[in-house]
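[1] Sequence first, then the predicted structure:
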Amino acid sequence: MEKVNLSEKFSLFTNHWEPKIVGELNEQYVKLAKLKGEFVWHQHENEDELFMVIKGSLTIKLREKDICLSEGEIFIIPRGVEHLPVAEKEVHVLMFEPKGTVNTGNTESYKKIDLLEKL
């Protein structure tokens with residue numbers, strides 16, 4: 001058991017849209033990611049997804065509305081809900097997702113990450 005310093009972990013990488021594993025609990029990964037620009041429209045058929053903004057701001061576009069998150073705010077996307085994360089400027093996020101969650105959900109994309117790095 002060790003504590004995790006989020007600032008320290010964020011300083012270890014620069015790539016956008018490539019989540020890093022910083023912890024595990026109850027068959028879920030705790031992930032950190034730096035986001036900038038648009039991701040891809042996608043959904044997760046079997047998993048809910050939690051985003052928490054640590055630094056910056058993030059817009060999560062849903063088909064019926066946009067959710068704008070600021071530092072310290074969270075949003076849980078229920079399974080099966082199509083969404084598109086967008087960050088005009090770099091944003092640092094923490095995510096909770098079941099271990100088998102694919103970052104692009106049901107969408108094939110060059111942004112798909114097959115093997116997550118542990119920090």
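    Sure thing, it's come through.

[2] going forward, measure contacts and count neighbours with C-alpha atoms only.
    OK.

[3] so what's residue 80 up against?
    For residue 80, the contact set (C-alpha atoms under 8 Å, 6 or more residues apart in numbering) comprises 43, 44, 45, 46, 47.

[4] Apart from its neighbours in sequence, what residue is nearest the first one?
    Which is residue 43. residue 82 (4.4 Å; C-alpha to C-alpha, 6 or more residues apart in numbering).

[5] Check the fourth one too.
    Nearest residue to residue 46 in three dimensions, chain neighbours excluded: residue 79, at 5.6 Å (C-alpha to C-alpha, 6+ apart).

[6] wait, isn't that neighbour in contact with residue 97?
    No. Residue 79 is beyond contact range of residue 97, at 10.9 Å (criterion: C-alpha atoms under 8 Å).

[7] which neighbours do those two share?
    47, 48, 49.

[8] Could you tell me the phi and psi values at the second one?
    It refers to residue 48. phi -80, psi 160 (degrees, to the nearest 10).

[9] Tell me how many other residues surround it.
    17 (other C-alpha atoms under 10 Å).
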